[in-house]
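Novice: Any chance you can model this:
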Amino acid sequence: MQAAPVHATAIPSFTSALRAVESLLMSGGQRTARRNAWTSVLEDRRRAKDRSETERVLEETLSARS
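Specialist: Prediction:
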């Protein structure tokens, strides 16, 4: 009876394992950063809309007094 051949499997180095974990964590962090950036854009647009509406109302109020 012959023994089955043994195949060596390379064990990843500690550095490559850390890089793999880092890439997994960073992908989630990038998603969060993009979501936060988009939320900021939407909030800026809302504030700009509110500001222009306030300016319009103030101009109408001032012109009505004149």
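Novice: Centre of the chain to the host helix or strand of residue 58, how far?
Specialist: Assigned by DSSP states H and E, residue 58 belongs to helix 14-65. With CA atoms, centre = their mean, to the nearest Å as the basis, helix 14-65 stands 10 Å off its chain's centre.
Novice: Check stretch 11-25 too.
Specialist: Centroid separation for stretch 11-25 versus its chain: 22 Å, with CA atoms, centre = their mean.
Novice: Quick check: buried residues in that stretch?
Specialist: Neighbour counts over stretch 11-25 (16 or more other CB atoms under 10 Å) mark no residue as buried. Every residue, glycine included, has its C-beta placed from N, CA and C.
Novice: May I have that stretch as CSV, with CA atoms only?
Specialist: What follows is stretch 11-25, C-alpha atoms only, in CSV (Å, rounded to 0.1, in the frame of the first residue of the first chain):
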residue,chain,number,x,y,z
ILE,A,11,0.3,29.5,5.0
PRO,A,12,-0.3,33.2,4.5
SER,A,13,2.1,35.5,6.3
PHE,A,14,0.9,37.6,9.1
THR,A,15,1.3,40.7,7.0
SER,A,16,-0.8,39.4,4.1
ALA,A,17,-3.5,38.3,6.6
LEU,A,18,-3.6,41.8,8.1
ARG,A,19,-3.8,43.3,4.6
ALA,A,20,-6.8,41.0,3.8
VAL,A,21,-8.6,42.0,7.0
GLU,A,22,-7.8,45.7,6.4
SER,A,23,-9.2,45.5,2.9
LEU,A,24,-12.5,44.0,4.2
LEU,A,25,-12.8,46.6,6.9
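Novice: Average pLDDT for that stretch, rounded please.
Specialist: Mean pLDDT, stretch 11-25: 82.
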